[in-house]
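Chemist: Predicted model follows, preceded by the sequence.
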Amino acid sequence: MSLVQRERHVNTATRSLIKTLYDLGVRNCQVMNVIGNIHGGNDKVGFNVQHVRNVLRDERKKRFEISDAQAGLDLLHRLNEESGSKYFIRTEVDEENRLKCLVWIDLRCLMAYQKFGDVVASDTTYRTNRYAMPFVTFTGVNHHYQSVIFGFALMRDEHASTFEWILRTWLEGVGNKPPLTIITDQDKVMASAIAAIWASFVEKYHLQEHKWLNGLYELKHKCSTFQNSTSRSDGMNSFFDKYVSSATVLKEFIENAQKALARQFMREKEEDYVTINLKHPMKMHTTLEYHASCIYTKEMFRRFQDELVESSKYFV
């Protein structure tokens with residue numbers, strides 16, 4: 001029998017009374033007796049002491065979530081102070097002041113977006129944390145063909161309004177500069193949220209008469225490409241698997257997400273060093289190949305070189 005079925009007779013007022021008595025140090029069986037006296041006998045209450053335990057168990061879990069969330073937020077604000085206020089941090093809470101959504105972007109994410117943010121992949125399928133909260137990553141590809149992170153988000157549900165808040169907030173964090181292309185995991189709710197945010201963006205900045213932007217919006221199948229990004233998302237999820245697990249609480253989750261970001265940043269610097277200090281081996285020894293070796297990174301030159309070699313098999 002589900003928790004909801006077991007507690008269907010415990011109304012809001014009674015739950016509040018149970019929690020108050022518990023905070024005063026009243027034992028579960030005594031709580032049941034108090035409620036029984038109010039109703040004229042325990043047999044008229046409609047539930048038993050096990051339901052009282054369930055209510056208190058849920059309350060302890062809720063309080064743990066609140067304290068855990070606060071510890072995670074405290075960590076982010078401390079990191080922000082240490083960075084000289086270079087972090088973008090936004091939260092949304094519910095009517096009980098519990099964390100509902102969190103978006104954070106540090107300076108490395110922002111710098112990466114400014115360089116490589118033409119195409120953004122947004123993945124909402126990753127749920128490896130203690131509370132199974134969807135972990136949203138905004139990612140792209142850098143000049144070494146490595147995945148780069150443009151921001152993080154955590155959310156408690158997957159409603160359209162939640163997705164819209166996440167997208168709107170993330171856009172604010174990257175300077176309200178929308179990408180040319182969005183690649184999603186084909187979530188219909190996310191797709192509708194993206195469409196709503198792009199439309200409100202046009203309205204907010206009075207760009208209805210902007211010819212280029214309107215042309216772009218009319219071709220929204222190009223501007224907001226909803227296609228399968230499984231391989232790229234799977235690669236990023238595998239990357240984060242090294243840092244988080246289903247037992248990871250929020251503070252640790254944030255710590256490890258930052259470690260993952262630092263590792264990604266270091267990988268890019270390592271490839272920068274290789275590109276600058278090692279010569280690219282030539283295969284065709286043509287002027288075009290030499291020129292490409294001067295302007296491309298190691299990985300991009302390798303890809304170009306493969307195409308160049310392949311093209312030599314054809315004659316015009």
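Modeler: Perfect, I can see it now.

Chemist: next SSE after the helix or strand that contains Glu270?
Modeler: For Glu270, the element it lies in under DSSP states H and E is helix 250-277. Following helix 250-277 in sequence order, the next helix or strand is helix 287-295 (DSSP H and E).

Chemist: what's the spacing between that following helix and its chain's center?
Modeler: 39 Å (Cα atoms, centre = their mean, to the nearest Å).

Chemist: The following helix or strand past it packs against which elements?
Modeler: Downstream of helix 287-295, the first helix or strand assigned by DSSP H and E is helix 298-311. Counting by 3 or more Cβ pairs under 8 Å, 6 or more residues apart in numbering; DSSP states H and E, the packing neighbours recorded for helix 298-311 are helix 250-277, helix 287-295. C-beta here means a position set from N, CA and C on the backbone, and glycine is covered the same way.

Chemist: mind listing what's buried in helix 298-311?
Modeler: Residues of helix 298-311 classed as buried: 298-299, 301, 304-305, 308 (neighbour count, 16 or more other Cβ atoms under 10 Å).

Chemist: One more: stretch 169-187?
Modeler: Of all the residues in stretch 169-187, those buried under the rule 16+ other Cβ under 10 Å are 169-171, 173-174, 178-179, 182-185, 187.

Chemist: Can you list which of these are found in helices?
Modeler: Cross-referencing the buried residues of stretch 169-187 against helices under DSSP state H gives 169-171, 173.

Chemist: Closest to Thr91 out of the buried residues of stretch 169-187?
Modeler: Minimum distance to Thr91 across those is 9.2 Å, recorded for Thr169 (Cβ to Cβ).

Chemist: could you list every residue that touches the closest one?
Modeler: Residues counted as contacts of Thr169 (Cβ atoms under 8 Å, 6 or more residues apart in numbering) are 90, 101, 103, 153.

Chemist: Closest one of these to Arg57?
Modeler: Nearest to Arg57 among these, counting by Cβ to Cβ, is Cys101 at 25.6 Å.

Chemist: pLDDT at the residue lying closest to the closest one once chain neighbours are set aside, what is it?
Modeler: Spatially, and ignoring its direct neighbours in sequence, Cys101 is nearest to Glu92 (4.2 Å; Cβ to Cβ, 6 or more residues apart in numbering). pLDDT recorded at Glu92 is 92.

Chemist: Now do the SS call for Glu92.
Modeler: For Glu92, the assignment made with DSSP: H, G, I helix; E, B strand; the rest coil gives strand.

Chemist: what residue of this structure is the furthest out?
Modeler: Most distant residue from the mean C-alpha position of the chain: Gly40, 51.3 Å away (Cα atoms, centre = their mean).
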